[in-house]
Every structure is written in C-alpha cells, then in structure tokens.
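**Student:** coordinates for the following, if possible.
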Amino acid sequence: MSVQDIRAFNRFYTNVIGALDYSRHLYAPYTLTESRVLYELAHSPRTDAADLRTELSLDAGYLSRILNKFEQDGLVERAPSLRDPRRRRITLTARGRETADLLAERANESVGALLATVPSADRPRLSEAMRTVREILSDGRPRREDAVLREPGPGDLGWIVQRNAALYAAEYGWNTDYEGLVARIVADFAEDHDPHLERVWIAELDGRPVGCVMCVRDEAPATARLRLLLVEPDARGLGIGDRLVRAVIDFARGVGYRDLVLWTNDVLTSARRIYQRHGFVLVAEKPHRSFGKDLTGQDWRLELHGAEE
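**Tutor:** Alright, predicted model coming up:
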C-alpha cells in the first residue's frame, strides 16, 4: 500500500458521505466539523473545552470560533469548569440537544440510504472491512465513537441477566440472590411493557454487547425508573455509561415523565459518579443485608422538567 492508495480512498470516501458539502448534504447550517463537535457534546453530560479540543485534535482558535457560533445560536452554555476554574465547561442547551438529535437523525437517514444500495450478501463483508480499517489504524484500541447504542435483539435480555450476575459476583462478591432479582426485572419487562413508555438500550462495541440500561415505569405517578446500568470492564473509559444514562434521561423527558428515580448501593462508586454528573440527587439511604453482603442502599432522583443540566 502506498500513500497515494490512502489518499485515493480518502477522496472516494469523503465524496460518498458528502463531507465536502456537509451542510447541504444534511440540510443543516453546520459543517462536518461543527456537527462532530455537537455530537461529542451530546454524548457527554459536561465537557471542558480543553478536553473537547484534545478529543477532536482541533486548533484552539478554531474550536473557540465554533463554540462562539453555537453560543450565538443558543446551542451551548459556557461556565467555569467544576474540576478547574481556569477551564471552561461546555454544556448543550435544550435547543442544542434538539439540534444534535436532528443532525443525528438526518445522518442516520443518509447512511441508511447509502446502505440500501449495498446488496445484503455484501454487507457483512463491508462491515468487516470497515472494522479492520479502524483496528489497524487505531492499534486495536477502541474509541468512544466506535460504541453504538441500539435496541435489544434476540438473546440480549438473557445477556443482561448473565452479565449482571457474573460481573457483580466477580467485582463485589454478590451471590445468586442478585441474579434472581435481575432475572425478575428482565422477565417482567419482556412479558409486559409499554414500548412507548419503557425501553432497553444495549451498548455495542465491535459487534458485541458491552453495556445496558433500562427505563421502566415506577409506581409513583409520572415517574420513570432507571435500572440495571452496566458497562463491561474492557469497555469502561469510553463514556458508554454516560451515554446510556443520557439515553434514559432524554427518553424519559421526551415521553413526558416528570421525575426519574433509581436505587443503587454505596459500593457502586463509578455508577454514582455518573448519576451525579447528570444531576441526580441523593434523597434517602438505608443499610440492608442483600446479595450476601451488608450494604447501604441509596435512592436518587432527577427532576426532568425542572432546570436543564
């Protein structure tokens, strides 16, 4: 392979995806780079400008101009970073989130139209070729954008039960009582759920499930419950947990729930940090003996139609 081979492929692919005239391609007033910045902001609850610049390898002045444009359009808000007051934290407004969702929808439609031209028999070969390119050029290390969220397929609900049981036994020493609890939650969803008000998301990386979360109706009126958040150990650090929680929040808010609640235990420190980043507030905690361990259960709540994050 030569340099010219790669350059020829780049010219071909940028033309296929309409990268040179991306705003016209998606009927939106944003370039490919601007759309990518919106994508990153939409998939992280709070992002410092410095982190965004590093993640996307953008010039500081260029990124600043993009963010200025977004701020003028009412898409983002900037404030001092919670981690370092010298940094600037960037968050999407409600309008910014709607814009990001619209761009994602149009991009999906565009790629879907492209994929429709590929014969079904050739699609596995195309998928494998694209995966090979990513693996070789990234030294095999997964990246945040490689993970996708999707609806569950056949066998995925069983995977949720199996992986919850195995991971919590390995990491926290929980016994089969926890597996029984997860099995009941999943069975209740499988046997009787309202698809308009309840949903499951599977996070997939390189064709395999690496995470999950559920949104189900709670007993309290106009309240949804987040359940069974899980990310596989080898997929952590890619923002998958944040994306799963954000998916639940956006869904619950979009279908009209007023509150989103969850129950967790104090030993699950990584999950708790995710909930806190998304604005959940601890409302109660109580010691209990469950799953073969002495634990402290915690109830967390997020008001969906109060102040935006």
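
**Student:** confirm Leu238 sits in a helix?
**Tutor:** No: applying DSSP: H, G, I helix; E, B strand; the rest coil, one finds Leu238 to be coil, outside a helix.

**Student:** so it is in contact with Ala147, correct?
**Tutor:** Yes: in this structure, Leu238 is within contact of Ala147 by CB atoms under 8 Å, at 5.7 Å. To be clear about C-beta, it is placed using only N, CA and C from the backbone, and glycine gets the same treatment.

**Student:** mutual contacts of the two, please.
**Tutor:** Shared contacts of Leu238 and Ala147 (CB atoms under 8 Å, 6 or more residues apart in numbering): Leu205.

**Student:** where along the stretch 51-200 of the chain do the helices fall?
**Tutor:** Under the criterion DSSP state H, counting those that start in this stretch, helices of the stretch 51-200 of the chain are mapped to 60-72, 94-115, 123-137, 156-172, 176-191.

**Student:** and the longest one, what other elements does it pack with?
**Tutor:** Taking 3 or more CB pairs under 8 Å, 6 or more residues apart in numbering; DSSP states H and E as contact, the helices and strands that helix 94-115 lies on are helix 32-42.

**Student:** dump the helix it packs on to CSV, restricted to CA.
**Tutor:** C-alpha atoms of helix 32-42 as CSV (Å, rounded to 0.1, in the frame of the first residue of the first chain):
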residue,chain,number,x,y,z
LEU,A,32,-18.9,18.3,9.2
THR,A,33,-16.6,19.6,12.0
GLU,A,34,-19.3,21.6,13.7
SER,A,35,-21.6,18.6,13.5
ARG,A,36,-18.9,16.4,15.1
VAL,A,37,-18.5,18.9,18.0
LEU,A,38,-22.2,18.8,18.6
TYR,A,39,-22.1,15.0,18.6
GLU,A,40,-19.4,15.0,21.2
LEU,A,41,-21.3,17.5,23.4
ALA,A,42,-24.5,15.4,23.0
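
**Student:** adjacent strands (with direction) for the following helix or strand past that helix?
**Tutor:** Next in sequence after helix 32-42, counting helices and strands by DSSP states H and E, comes strand 47-48. Under the criterion DSSP bridges, strand 47-48 sits next to strand 88-92 (antiparallel) in its sheet.

**Student:** okay, the angle between the strand it pairs with and helix 60-72?
**Tutor:** Angle, strand 88-92 to helix 60-72, by axes from the mean of the first three to the mean of the last three CA atoms, to 10 degrees: 40 degrees.

**Student:** now strand 88-92: average pLDDT?
**Tutor:** The average pLDDT for strand 88-92 rounds to 84.

**Student:** pull out the buried residues from that strand.
**Tutor:** Neighbour counts over strand 88-92 (16 or more other CB atoms under 10 Å) mark 88-92 as buried.

**Student:** so where's the protein shaky on pLDDT?
**Tutor:** For the chain, the stretches with pLDDT under 70 are 44-46, 82-83, 139-142, 144, 306-309.

**Student:** what sits against the closest residue to Arg24 other than its chain neighbours?
**Tutor:** Closest residue in space to Arg24, ignoring its immediate chain neighbours: Gly18 at 7.6 Å, by CB to CB, 6 or more residues apart in numbering. Counting by CB under 8 Å, 6+ apart, Gly18 touches 24-26, 110.
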